[in-house]
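Participant: Let me see the structure of the following:
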Amino acid sequence: MSKILIVDDEPYMRILMEQALEDFIDKGVTIFTADNGMNALDVIKREKPDLIYLDVMMPEMDGYEVCSKVKKDAEFENIYIVLLTARGQEIDKKMGMDCGANDYITKPFDPDAIVGKTSEVLKIE
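Facilitator: This is a model prediction of the structure:
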């Protein structure tokens, strides 16, 4: 069974992401959420998600740091991480790729793009 983790400090963004991905629940996918980087690391260690949608700008620990920690741990290096951020400059994308992110999507995002990326990564139609 596949697992997705949505990490964002804004409650409405977590809700929007969950709504975009709700059809995957019927396909056996479990969705978890976290409201900051520290909580995200706890969920990652406990649940070992297959796919993480990770906000960049968060208090306590930003998405770049979370991504870097996950990708440096051999146990979690195969987790697919998509950074979600309002920061769309080329330097921001480079920072995301440098910390090990697999993909980078800017906000506001198209829910269909999220669904498509999820289908592609989890190999679920």
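
Participant: which of the residues in stretch 55-66 are buried?
Facilitator: For stretch 55-66, a neighbour-count test (16 or more other Cβ atoms under 10 Å) marks D55, V56, M58, D62, G63, Y64, V66 as buried. In short, each C-beta sits where N, CA and C put it, glycine included.

Participant: Please identify which of those is nearest to T85.
Facilitator: Of all those, V56 has the smallest distance to T85: 3.8 Å, by Cβ to Cβ.

Participant: From what I see, that closest one and V82 are in contact.
Facilitator: No - with contact defined as Cβ atoms under 8 Å, V56 and V82 do not form a contacting pair (10.9 Å).

Participant: helices and strands of the chain: which one bottoms out on pLDDT?
Facilitator: Of all the helices and strands that make up the chain, helix 90-98 has the lowest average by mean pLDDT, DSSP states H and E, namely a mean of 80.

Participant: what residues does that one touch?
Facilitator: Contacting residues not belonging to helix 90-98 are listed as V56, Y64, C67, L83, T85, Y104 [Cβ atoms under 8 Å, 6 or more residues apart in numbering].
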